[in-house]
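Enquirer: need a 3D model of the sequence below.
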Amino acid sequence: MQGDIHAIEIIFLLLLLFVVIFGALARKLATPYPIALVVGGLLLSFIPGIPKVSLNPDVIFFVILPPLLYNAAWLTSWREFSYNFVSILLLAFGLVTFTVLGVTEAGQWFLPGFDWRVGLILGAVVAPTDAIAATSIAKRIGLPKRIVDILEGESLVNDATALLALEFGIALLVGGHKPTFGSGLLRLVYLTAGGIGIGLLIGEVVHLLEHRIDDAPIEIALSILTPYVAYLAADSVRTSGVLAVVACGLYLSRKSSHFFSPGVRLQAWAVWGSLTFILNGLVFVLIGLQLPYVLGAIRDNNLGTLLMYGAVFSAFLILLRLIWIFPGAYLANLIRRRLLHQDERLPGPRQIFVVGWTGMRGVISLAAAIALPQTLSNGSAFVQRNMIIFLAFSVILATLVLQGLTLPPLIRALGLAGISKRHPEELEARREMLQAVLMHLEKARVDGAAEFDEVYDDLAQHYRQQLATLGEREGISNDGTDHSFYRRFVNVSRDLLQIQRQTAVRLRNQRRISDELLRELEYELDLDETRLLAKVA
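Expert: Got it, this is the predicted structure:
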């Protein structure tokens, strides 16, 4: 027992070391770290003596996936998600369905031994996308925010859709059942409503607990525990754990302004940033390390034929997404303009093409393939299982490496790079926050003692200068002449920071700024207050 634990510890430390090395290399080469980690894992798999690490689907679905989904939902703006919901739905549901049906139909024509039922399983396995690499590239290059919001929303929801299709396929082929349309629709409603309901319920419970706690280690530990509780609770009643975690993350992210103190928020950002990087890094390195297992499972096949299958199938999947994306974008725009009365123009062909080129697959596809049963209901072997695993692995490599590396030059060639990150709503939000501060200062000066007039003058001048420049941050200097003067200076400054926070939350509640912008503004104010308290100490 002790030897097993020691071996697991050594393997984990080696994997963590690989993540650090390849992550640093990716940063130096200005390459998205998922690509560098996958390629690095592939190279490591050829080195003799490297420990063999198999990808356990249960570890992926129950250990790694919940916090990654929760963090992605937490960083997603509900305003942008709800505003782009039609576009997201046509990708997360419409495109997944189109992909599954396309693979179901085509698989039986060019893959030996594949009938439409096996094709359905294969289509469900490779349908979900992983937007980590795509969005990291898009944000760094400056792709329009609307595209980034849609890609992030798609990756949040399409896992549940694809896993539902996979459930139907397995029941049809392995279990010998033939679901009807009515039963399928009821199952979809139950998965969706049940998952969202459980996620919101757990989110409200955590929200009530957070209001009674003001201790950073406890609150951060609770935030790490939350996605696991949501996922396992939904899974225990056979609803969608993915949707439960997403709903819980979106709900608590929107409520976090009410219960996170500045110190807790700063520490939580640091902890979750490191945690998600480590988990994502381990996942992508593990993908690369699976090559020996994948090749060993299909060693009876000709390598050239296998490479041809992998290349053709990967190209077919990319083509399916591009075929769907243009009419899908037109239909989404039509619904948004005619039914929802959103004043939204149809994106240009270049923007639509970029969205079509970002269909990168990730660990969900490989974990789903490995989790497939090895035998059918009659006890015979599921002979196509190994080929499905190989094709899923091929698609992940082709889309992550090929599309990931070509995405930056493609964005630049289409003239979509370098869009300014400063949005007009950010300028307006900062303006209103500073104006609220100046109004409070004027009122506080009238009501305060005359001996502190210099404090109010100094602070008013500081914020008027910020209002004039709108973005040039300056530190607060100590202009006091004695301790009471400086203490008053610090107390008033903290009050002004709180007024800015309240103004930003009010703008968010009025849907005038996004949740994402609110988090950025709160983070800046938290840093200012931390610096202020450090001066007091």
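
Enquirer: least trustworthy helix or strand in this structure by mean pLDDT?
Expert: Here the helix or strand of the chain ranked lowest by mean pLDDT, DSSP states H and E is helix 132-141, holding a mean of 66.

Enquirer: following that helix, which helix or strand shows up next?
Expert: Once the chain leaves helix 132-141, the next helix or strand it forms, by DSSP states H and E, is helix 145-173.

Enquirer: name the helix or strand for the residue positioned nearest the centre of the chain, please.
Expert: Per Cα atoms, centre = their mean, the C-alpha nearest to the average position across the chain is that of residue 72, at 3.0 Å. For residue 72, the element it lies in under DSSP H and E is helix 65-74.

Enquirer: next structured bit after that helix?
Expert: helix 78-83.

Enquirer: how far is the helix or strand following that next one from where the chain is centred?
Expert: Following helix 78-83 in sequence order, the next helix or strand is helix 85-89 (DSSP H and E). The chain centre lies 16 Å from the centre of helix 85-89; the measure is Cα atoms, centre = their mean, to the nearest Å.

Enquirer: check stretch 213-225 too.
Expert: Distance, stretch centre to chain centre, for stretch 213-225: 21 Å (Cα atoms, centre = their mean).

Enquirer: buried residues in that stretch?
Expert: 216, 219-220, 223 (16 or more other Cβ atoms under 10 Å). Backbone N, C-alpha and C define where each C-beta goes, glycine included.

Enquirer: name the nearest of the residues you listed relative to residue 168.
Expert: Nearest to residue 168 among the buried residues of stretch 213-225: residue 223, at 34.2 Å, using Cβ to Cβ.

Enquirer: measure the closest one to residue 426 for me?
Expert: 26 Å (Cβ to Cβ, to the nearest Å).

Enquirer: OK, contacts around residue 88?
Expert: 81, 150, 153-154, 157 (Cβ atoms under 8 Å, 6 or more residues apart in numbering).

Enquirer: in stretch 196-209, what's buried?
Expert: Buried, per 16+ other Cβ under 10 Å, within stretch 196-209: 196, 198-203, 206-207.

Enquirer: so which of these is the closest to residue 326?
Expert: Among those, residue 196 lies closest to residue 326 (Cβ to Cβ), at 30.4 Å.

Enquirer: buried stuff in stretch 439-446?
Expert: So for stretch 439-446, counting by 16+ other Cβ under 10 Å, buried means 440-441, 444-445.

Enquirer: make CSV out of those and add distance to residue 10 and secondary structure.
Expert: As requested, these are exported to CSV (distance: Cβ to Cβ, whole Å; DSSP: H, G, I helix; E, B strand; the rest coil):
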residue, distance to residue 10, secondary structure
440, 58, helix
441, 60, helix
444, 61, helix
445, 65, helix
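
Enquirer: Serialize the residues you listed to CSV and add fields for distance to residue 279.
Expert: As requested, those are exported to CSV (distance: Cβ to Cβ, whole Å):
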residue, distance to residue 279
440, 43
441, 45
444, 47
445, 51
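
Enquirer: sorry, back to before: report the angle between the helix holding residue 72 and helix 145-173.
Expert: Put simply, helix 65-74 runs at 150 degrees to helix 145-173, going by axes from the mean of the first three to the mean of the last three Cα atoms, to 10 degrees.

Enquirer: got a list of contacts for helix 65-74?
Expert: Here helix 65-74 has contacts from 152, 155-156, 159, 224, 226-228, 230-231, 241-242, 245-250, 252-253, 256, 272, 275-276, 279-280, 364, using Cβ under 8 Å, 6+ apart.

Enquirer: which ones among those residues lie within strands?
Expert: Using DSSP state E, no member of the contacts of helix 65-74 sits in strands.

Enquirer: write the ChimeraX selection for whichever of those are buried.
Expert: A single ChimeraX command selects the buried members of the contacts of helix 65-74 (16+ other Cβ under 10 Å):
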select :152,155,156,159,226,227,228,230,231,241,242,245,246,247,248,249,250,252,253,256,272,275,276,279,280,364
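
Enquirer: the stretch 301-450 of the chain: helices as residue ranges?
Expert: In the stretch 301-450 of the chain, the segments counted as helices under DSSP state H, counting those that start in this stretch are 303-338, 349-356, 363-370, 385-397, 404-413, 424-447.

Enquirer: okay, the ones you listed, which one's buried deepest?
Expert: Each of these was scored by mean neighbour count; the highest is helix 363-370, a mean of 26, by mean count of other Cβ atoms under 10 Å.

Enquirer: which other helices and strands does that one contact?
Expert: Secondary-structure packing of helix 363-370 (3 or more Cβ pairs under 8 Å, 6 or more residues apart in numbering; DSSP states H and E): helix 57-59, helix 116-126, helix 145-173, helix 262-289, helix 385-397.

Enquirer: ok, of those, where does mean pLDDT dip lowest?
Expert: Sorting those by mean pLDDT places helix 145-173 lowest, at a mean of 82.

Enquirer: now do the buried residues in that helix.
Expert: By 16+ other Cβ under 10 Å, the buried positions in helix 145-173 come out as 145-173.

Enquirer: quick one, it and helix 363-370 angle?
Expert: Going by the same axes, to 10 degrees, helix 145-173 makes 10 degrees with helix 363-370.

Enquirer: okay, angle between the very next helix or strand once past helix 145-173 and helix 262-289 too, please.
Expert: Toward the C-terminus, helix 145-173 is succeeded by helix 181-210 as the next helix or strand (DSSP H and E). Interaxial angle of helix 181-210 relative to helix 262-289 (the same axes, to 10 degrees): 140 degrees.

Enquirer: for residue 504, which non-adjacent residue is spatially closest?
Expert: Among residues not flanking residue 504 along the chain, residue 521 sits closest, at 4.7 Å (Cβ to Cβ, 6 or more residues apart in numbering).

Enquirer: if we can go back for a sec, just send the helices and strands packed on helix 363-370 back as TSV, with distance to residue 109 too.
Expert: Listed next are the helices and strands packed on helix 363-370 as TSV, based on distance: least, Cβ to Cβ, whole Å:
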stretch	distance to residue 109
helix 57-59	29
helix 116-126	9
helix 145-173	18
helix 262-289	28
helix 385-397	14
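
Enquirer: of all those, which lies closest to residue 318?
Expert: helix 385-397 (9.0 Å).

Enquirer: helices and strands around the closest one, which ones?
Expert: Against helix 385-397 (3+ Cβ pairs under 8 Å, 6+ apart) you get helix 33-45, helix 116-126, helix 291-297, helix 303-338, helix 363-370.
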